[in-house]
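In: Got a predicted structure plus its sequence, pasted below:
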Amino acid sequence: MPVTERVAIFLSFSGDGGVEHMMLNLAAAMARLGVGVDLVRARAEGGHAKSLPEGVRTVDLGTRHSWSSMGPLARYLRRERPTALLAAKDRANRAAIRAARLAGGDTRVAVRLGNNLSQALQGRSRLRRWLRTLPMRRAYRRADAVIAVSRGVAEDTAAVTGLPREAIHVLPNPVVTPELAERAAAEPDHPWLREPGDGPVILAVGRLNRQKDFPTLLRAFARLREHEAARLILLGEGPQRAELETLIKTLGLEEAVSLPGFAANPYPAMARADLFVLSCAWEGSPNALTEALALGTPAVATDCPSGPREILGDGRYGELVAMGDDAALAEAMARTLAHPPDRAHLQAAAERYRDTASAWAYLDVLGVTPPHPEPRPD
């Protein structure tokens with residue numbers, strides 16, 4: 001079928017993060033709706049760089065950084081003249097805005113923000129914060145659209161950039177894909193999930209870093225273990241591994257906590273765990289939490305800025321506790337294990353994060369009409 005309009009999605013693939021994952025999901029969903037999609041990469045490293053959605057054209061600019069890609073991106077825009085350019089991550093956002101001005105033409109430029117910047121900059125000097133946010137204040141007013149992944153990120157973006165809150169679009173991440181259930185049906189790697197054992201299995205997924213605040217989760221888990229023979233799996237890798245391993249030993253949890261590292265497919269574990277826990281200090285819209293709900297797994301989360309409260313419907317789909325409060329987190333975990341919510345009730349919470357619904361929302365903002373769309377979600 002002929003393609004009438006084309007969307008370029010621009011970002012740097014520099015790791016195995018959620019931004020790359022979500023943009024691949026979005027590209028695939030747009031392509032299924034009949035839109036031509038170019039995945040334009042400033043850099044192509046990490047596990048997600050090898051995942052190329054069907055029907056999506058990949059354009060590698062041959063650069064190492066978003067900022068050095070401005071010239072090649074401008075040349076691409078002059079040559080291909082896509083209807084819209086969507087950038088993700090702040091440096092790529094600013095490079096895209098500048099490249100579009102260099103290229104001329106009428107390509108509509110949208111930028112996407114996926115995290116709570118103010119929280120991430122806490123503890124930095126005033127000068128460091130100013131140097132980080134000033135370029136955003138100058139650049140983002142030149143974008144045709146600014147997109148945030150949650151209401152909290154939109155409010156933070158407005159505060160950081162000086163843009164009016166009503167000028168920032170809140171669009172759901174394309175988390176729930178047709179492949180999610182299929183990937184979750186695979187045999188789990190971890191023996192605690194393959195063989196019935198004593199006590200429930202709790203799962204957490206994320207990079208082992210300050211943002212995820214796994215020390216609070218470990219202290220909460222130690223409290224839970226005082227009256228519940230539970231086990232905890234932390235899927236992820238990162239700079240805090242040694243610190244977390246030391247804390248596990250200090251708490252006497254060596255036999256009850258497993259750190260198997262990064263999992264390319266965490267969904268068999270997510271679907272079979274008795275409880276999913278998110279203990280973050282800040283977020284944008286935590287995809288792993290949404291995925292757990294989509295697979296029907298009960299969840300507990302910290303009420304961090306931003307996203308968990310929106311995903312969990314102000315607590316209707318899972319308990320929310322204060323950040324850093326290990327006692328409250330332990331109590332919420334115990335209550336949820338004792339009285340897990342209905343599976344269908346949890347899955348209903350994830351419907352707005354289905355990839356097709358997200359693709360429609362993005363295309364509306366980008367001003368692109370699919371030529372032969374699937375039925376539009378309600």
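Out: That came through fine. Residues are numbered from 1 along each chain as shown.
In: per the record, what domains does the chain have?
Out: Following automatic domain parsing, the chain resolves into domains at 6-174+354-366, 180-352.
In: Check these for me: which has the lowest mean pLDDT.
Out: Of all the domains of the chain, domain 6-174+354-366 carries the lowest average pLDDT, namely a mean of 89.
In: From the chain's centroid, how far away is that domain?
Out: Remark: domain 6-174+354-366 is offset 13 Å from the chain centroid, using Cα atoms, centre = their mean, to the nearest Å.
In: So which residues make contact with stretch 336-353?
Out: 172-176, 200, 228, 230, 274-275, 290-291, 293-300, 311-313, 316-319, 357 (Cβ atoms under 8 Å, 6 or more residues apart in numbering). Yep, even glycine has a C-beta here, placed from its N, CA and C like the rest.
In: Show me those that map onto strands.
Out: Among the contacts of stretch 336-353, the members found in strands (DSSP state E) are 275, 299-300, 319.
In: Let's have the residues you listed in TSV, adding distance to Glu54 and neighbour count.
Out: Below are these laid out as TSV (distance: Cβ to Cβ, whole Å; neighbours: other Cβ atoms under 10 Å):
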residue	distance to Glu54	neighbour count
Leu275	35	24
Ala299	31	28
Val300	36	29
Glu319	39	19
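In: Now tabulate these in JSON lines and tack on distance to Ala348.
Out: JSON lines is the format used below for these (distance: Cβ to Cβ, whole Å):
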{"residue": "Leu275", "distance to Ala348": "19"}
{"residue": "Ala299", "distance to Ala348": "14"}
{"residue": "Val300", "distance to Ala348": "18"}
{"residue": "Glu319", "distance to Ala348": "17"}
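In: Most widely separated two among these?
Out: Largest separation among the ones in strands among the contacts of stretch 336-353 by Cβ to Cβ: Leu275 and Glu319, giving 10.5 Å.
In: got any residues that touch both of those two?
Out: Common neighbours of Leu275 and Glu319 (Cβ under 8 Å, 6+ apart) are 300, 336.
In: And the strands in the stretch 101-250 of the chain?
Out: Counting by DSSP state E, counting those that start in this stretch, one finds strands in the stretch 101-250 of the chain at the ranges 108-113, 145-148, 168-170, 201-205, 231-235.
In: Using PDB, list the CA coordinates for the longest one.
Out: Going back to what we said before, that points to strand 108-113. Listed next in PDB are the C-alpha coordinates belonging to strand 108-113 (Å, rounded to 0.1, in the frame of the first residue of the first chain):
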ATOM      1  CA  ARG A 108       6.900  19.700  12.000                       C
ATOM      2  CA  VAL A 109       9.300  19.200  15.000                       C
ATOM      3  CA  ALA A 110       8.100  17.600  18.200                       C
ATOM      4  CA  VAL A 111      10.300  16.900  21.300                       C
ATOM      5  CA  ARG A 112       9.600  14.300  23.900                       C
ATOM      6  CA  LEU A 113      10.700  14.300  27.600                       C
END
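In: What strands line up against that strand, and which way round?
Out: strand 84-88 (parallel), strand 145-148 (parallel) (DSSP bridges).
In: and among those, the most buried is which?
Out: Mean neighbour count (mean count of other Cβ atoms under 10 Å) peaks for strand 84-88 among the strands paired with strand 108-113, with a mean of 27.
In: who touches that one?
Out: Against strand 84-88 from outside (Cβ under 8 Å, 6+ apart): 5, 7-11, 19, 22-23, 77, 93, 95-97, 100, 107-112, 114, 147, 362, 366-368.
In: Buried among the residues you listed? Need that as a selection in ChimeraX.
Out: In ChimeraX, this line selects whichever of the contacts of strand 84-88 come out buried by 16 or more other Cβ atoms under 10 Å:
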select :5,7,8,9,10,11,19,22,23,77,93,95,96,97,100,107,108,109,110,111,112,114,147,362,366,368
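In: Which members of the contacts of strand 84-88 are positioned in helices?
Out: 19, 22-23, 77, 93, 95-97, 100, 362, 366 (DSSP state H).
In: Relative to Glu155, which of these is nearest.
Out: Closest to Glu155, out of all of these and judged by Cβ to Cβ, is Asn93, at 18.0 Å.
In: gap between the residue lying closest to that closest one once chain neighbours are set aside and Leu11?
Out: Nearest residue to Asn93 in three dimensions, chain neighbours excluded: Val111, at 3.7 Å (Cβ to Cβ, 6 or more residues apart in numbering). Separation of Val111 from Leu11 (Cβ to Cβ, to the nearest Å): 11 Å.
In: Give me the neighbour count for the closest residue to Ala148 other than its chain neighbours.
Out: The shortest distance from Ala148 to any non-neighbouring residue, by Cβ to Cβ, 6+ apart, is to Ala154 (3.8 Å). Neighbours of Ala154 under the rule other Cβ atoms under 10 Å: 23.
In: Tell me who's in contact with Ala154.
Out: 148, 165, 168-170.
In: For those residues, which two are the farthest from each other?
Out: Arg165 and His169 (10.8 Å).
In: who's more crowded, these two?
Out: His169 (16 against 13).
In: who's the more buried one bridged to?
Out: Ile147.
In: rewinding a little: could the strands of the stretch 101-250 of the chain be laid out in a markdown table, adding distance to Ser285?
Out: Below are the strands of the stretch 101-250 of the chain laid out as a markdown table (distance: least, Cβ to Cβ, whole Å):
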| stretch | distance to Ser285 |
| --- | --- |
| strand 108-113 | 11 |
| strand 145-148 | 9 |
| strand 168-170 | 9 |
| strand 201-205 | 15 |
| strand 231-235 | 19 |
